[in-house]
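Engineer: I'd like to go over a predicted model; first the sequence, then the structure.
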Amino acid sequence: MRQPVPPLESSASADTVLAAEGLGKRYGGFVALADVSVAFTRGRLTAIIGPNGAGKSTFFALLSGAATPSSGRIRLEGADIAGQAQFRFARMGIARSYQITSLFPELTAHENVRVACQAVHAPARRDLWRGRSHYRALVEEADAALAQVGLLARRSRPASRLAHGEQRALEIAVALAGRPKLLLLDEPTAGMSPEETKEMMDLIARLATERTVLLVEHKMKLVMGLAERIVVLHQGRLLASGSPDDIRVHPEVRRVYLGEGRSGRG
Ligand SMILES: Nc1ncnc2c1ncn2[C@@H]1O[C@H](COP(=O)(O)OP(=O)(O)OP(=O)(O)O)[C@@H](O)[C@H]1O
Ligand SMILES: [Mg+2]
């Protein structure tokens, strides 16, 4: 018997920093994401979970400006930013790490972060980032990002010579370049050992004390103890949204995670 579905908590409030409104993405005739409305509260850690192909990475691609929505709006502090160039999203303070590695293997840890700092700041060509102080500011900002993920002692090591867990942490340092107000992390624990996973979860918890974090993770158990709020996507649609306790007992979520057959979408 179907139980009533808890309310979706999707409406924006004064604490909302980022909001998706009726967000959708089609690839040709295929609907990767449809009509997703969610508001993200400033300073909170929200996990986005869902089975493979649920649309999690697509949602992040839209929220970070890497892909253009087919429908709907993205509001950053109230302003609709959908359709703007990706570098503008970065400069407005939305940063994203990727599910698949995006590091330059031959560059050192420090160089990888510095390149990202440059990419975020270079288009401005103004104030601090201009002239003599430019290089020094880049170096300091890259060091600050490395320090935040615990990699300052590894700053001169090529990315290819870091352990897997360190490489994933470096990807987060790259995302931290430019001091984003929103950090979007796409499966940062992918391929990690249990020890590395624990360290990464601790790091994410630390980072979330100072900024708004959106974490894509399809291992539900992993995020239950960490996230303050959980958004569940399934087959491109918003299935549920609420506290970990709400989600744990949500009948539709349980059905999806207990494994039902794939059905069509549209
Ligand atoms: N560029 C694209 N062109 C066509 N289809 C795409 C494209 N990007 C994603 N899709 C499709 O959209 C659906 C959602 O993909 P997405 O990568 O967002 O899922 P996901 O929830 O991140 O899955 P996973 O857990 O496997 O990472 C999938 O069926 C995928 O094949
Ligand atoms: Mg994905």
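Structural biologist: On my side now, so go ahead. Ligands and ions are numbered 1, 2, ... in the order given.
Engineer: From here on, just use CA atoms for contacts and neighbour counts.
Structural biologist: OK.
Engineer: Where does the stretch 151-266 of the chain get nearest to ligand 1, which residue?
Structural biologist: residue 218 (6.2 Å; C-alpha to the nearest ligand atom).
Engineer: can you confirm that residue is in a strand?
Structural biologist: No - using DSSP: H, G, I helix; E, B strand; the rest coil, the assignment for residue 218 is coil, not a strand.
Engineer: List the residues that contact it.
Structural biologist: 48-52, 187 (C-alpha atoms under 8 Å, 6 or more residues apart in numbering).
Engineer: residue ranges with poor pLDDT in this protein?
Structural biologist: Regions of the chain meeting the criterion pLDDT under 70 cover residues 1-12, 99-101, 122-132, 258-266.
Engineer: where do the strands sit along it?
Structural biologist: Using DSSP state E, the strands of the chain run over 16-27, 30-41, 45-49, 71-76, 79-80, 94-97, 182-186, 212-216, 229-234, 237-242.
Engineer: For burial, what's the neighbour tally of residue 163?
Structural biologist: 11 (other C-alpha atoms under 10 Å).
Engineer: any idea how far it is from residue 20?
Structural biologist: 36 Å (C-alpha to C-alpha, to the nearest Å).
Engineer: re earlier: would JSON lines of the contacts of residue 218 with neighbour count be doable?
Structural biologist: Shown next, in JSON lines, are those (neighbours: other C-alpha atoms under 10 Å):
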{"residue": "48", "neighbour count": "27"}
{"residue": "49", "neighbour count": "23"}
{"residue": "50", "neighbour count": "26"}
{"residue": "51", "neighbour count": "18"}
{"residue": "52", "neighbour count": "12"}
{"residue": "187", "neighbour count": "21"}
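Engineer: which one among the residues you listed gets closest to ligand 1?
Structural biologist: residue 52 (3.5 Å).
Engineer: OK, contacts around the closest one?
Structural biologist: residue 218.
Engineer: and the gap between it and residue 69?
Structural biologist: Relative to residue 69, and taking C-alpha to C-alpha, residue 52 is found at 20 Å.
Engineer: what is residue 79 paired to in the beta sheet?
Structural biologist: Counting by DSSP bridges, residue 79 is bridged to residue 76.
Engineer: re earlier: dump the strands of the chain to JSON lines, plus distance to ligand 1.
Structural biologist: Output for those, formatted as JSON lines (distance: least, C-alpha to the nearest ligand atom, whole Å):
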{"stretch": "strand 16-27", "distance to ligand 1": "5"}
{"stretch": "strand 30-41", "distance to ligand 1": "4"}
{"stretch": "strand 45-49", "distance to ligand 1": "8"}
{"stretch": "strand 71-76", "distance to ligand 1": "15"}
{"stretch": "strand 79-80", "distance to ligand 1": "22"}
{"stretch": "strand 94-97", "distance to ligand 1": "13"}
{"stretch": "strand 182-186", "distance to ligand 1": "8"}
{"stretch": "strand 212-216", "distance to ligand 1": "8"}
{"stretch": "strand 229-234", "distance to ligand 1": "8"}
{"stretch": "strand 237-242", "distance to ligand 1": "10"}
